[in-house]
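S.K.: build me a model:
(one chain, ligands or ions: 3)
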Amino acid sequence: MEELKQKISQEGKVLSESVLKVDSFLNHQIDPVLMQKIGEEFATRFTKAGITKVLTLESSGIAPAVMTALQLGVTTVIARKRKSLTLIDDLYSAEVHSFTKQETSEISISKDYITSKDNVLIIDDFLANGQAALGLMDIVKQSGAKVAGIGIVIEKGFQPGGNQLRERGIQVESLAIIESLNGGKVKFKEEVSI
Ligand code: G4P
Ligand code: NA
Ligand code: NA
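M.R.: Numbering: from 1, shown residues only. Ligands and ions are numbered 1, 2, ... in the order given. Sure, this is the predicted structure:
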């Protein structure tokens, strides 16, 4: 997605050879106009998939997930990372280990919000090692629903998550794929047009 790549080039800050800071439009401040276009792009890419729910993980996945759900005419379910005071229903839970943060967290959703009839689109802001996506897929599997695909705003193509998911036959749509952050510069993977 050209407009997203331009925004990353203009405002992204390369913190190291593996970390890109995009606080100005995705992780701390949100650009709602760009976010709406991101939602439209995901909706277009999954328009024929028969999506009934969009599932994301708090917190930075929420904005792109809501915009996508709005376009698709469905609702968004937010997997929670912390045990909330009100999240006391029957839950589907999964463990997510972050190699970046060196911590494991338990993510959960209420059984009320995804059922075996659902066809779920998973949306997240970043894809690195794929652990969050795998945890969300685990939750969908527990519910008996189907995973229709995964939509990612920024994929770090030099980390293994994206290709591992694609090798499992999952449709992974990343709006910007970063090939490298070496030398303090963002280099995007060339898009193969179809
Ligand atoms: P994984 O799920 O693909 O295995 O990713 P990882 O454990 O590496 O990511 C942990 C957290 O760090 C996630 O956010 C993820 O979105 C974020 N992240 C990973 N790499 C980058 C990066 O290069 N830049 C930025 N800005 N974020 C990155 P989180 O802890 O779930 O936080 P939240 O932002 O959703 O609240
Ligand atoms: Na995230
Ligand atoms: Na994040």
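
S.K.: helices of the chain, start to end?
M.R.: For the chain, the helices defined by DSSP state H occupy 2-11, 32-45, 62-72, 131-143, 161-167.

S.K.: out of these, which is closest to residue 55?
M.R.: With distances scored as Cβ to Cβ, the stretch of the helices of the chain nearest to residue 55 is helix 131-143 (5.7 Å). C-beta: built from backbone N, CA, C; applies to glycine.

S.K.: residues of the closest one that come out buried?
M.R.: By neighbour count on 16 or more other Cβ atoms under 10 Å, the buried set for helix 131-143 is 131-137, 139-140, 143.

S.K.: check stretch 141-152 too.
M.R.: Within stretch 141-152, the residues scored as buried using 16+ other Cβ under 10 Å are 143, 145-152.

S.K.: contact partners for residue 37?
M.R.: Residues near residue 37 by Cβ atoms under 8 Å, 6 or more residues apart in numbering: 1, 3-4.

S.K.: same check on residue 137?
M.R.: 122, 147, 170.

S.K.: now those as TSV including pLDDT and distance to residue 15?
M.R.: Converted to TSV, the contacts of residue 137 look like this (pLDDT from 0 to 100; distance: Cβ to Cβ, whole Å):
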residue	pLDDT	distance to residue 15
122	99	26
147	98	31
170	98	29
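
S.K.: for ligand 1, state which of those is nearest.
M.R.: Nearest to ligand 1 among the contacts of residue 137, counting by Cβ to the nearest ligand atom, is residue 122 at 11.4 Å.

S.K.: residue contacts, that closest one?
M.R.: Listed by Cβ under 8 Å, 6+ apart, the contact partners of residue 122 are 54-56, 133, 136-137, 140, 147, 149-151.

S.K.: of all these, which comes closest to ligand 2?
M.R.: Checking the contacts of residue 122 against ligand 2 by Cβ to the ion gives residue 56 as the nearest, at 7.6 Å.

S.K.: show me what that closest one is bridged to.
M.R.: residue 78 (DSSP bridges).

S.K.: name all residues that make contact with it.
M.R.: 62, 64-65, 76-79, 122-124, 136.

S.K.: please apply the same query to residue 47.
M.R.: Contact partners of residue 47, counting by Cβ under 8 Å, 6+ apart, are residue 72.

S.K.: before we move on, what about residue 35?
M.R.: Contact partners of residue 35, counting by Cβ under 8 Å, 6+ apart, are 63-64, 67.

S.K.: so can I have TSV of the residues you listed showing pLDDT?
M.R.: TSV is the format used below for the contacts of residue 35 (pLDDT from 0 to 100):
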residue	pLDDT
63	98
64	98
67	98
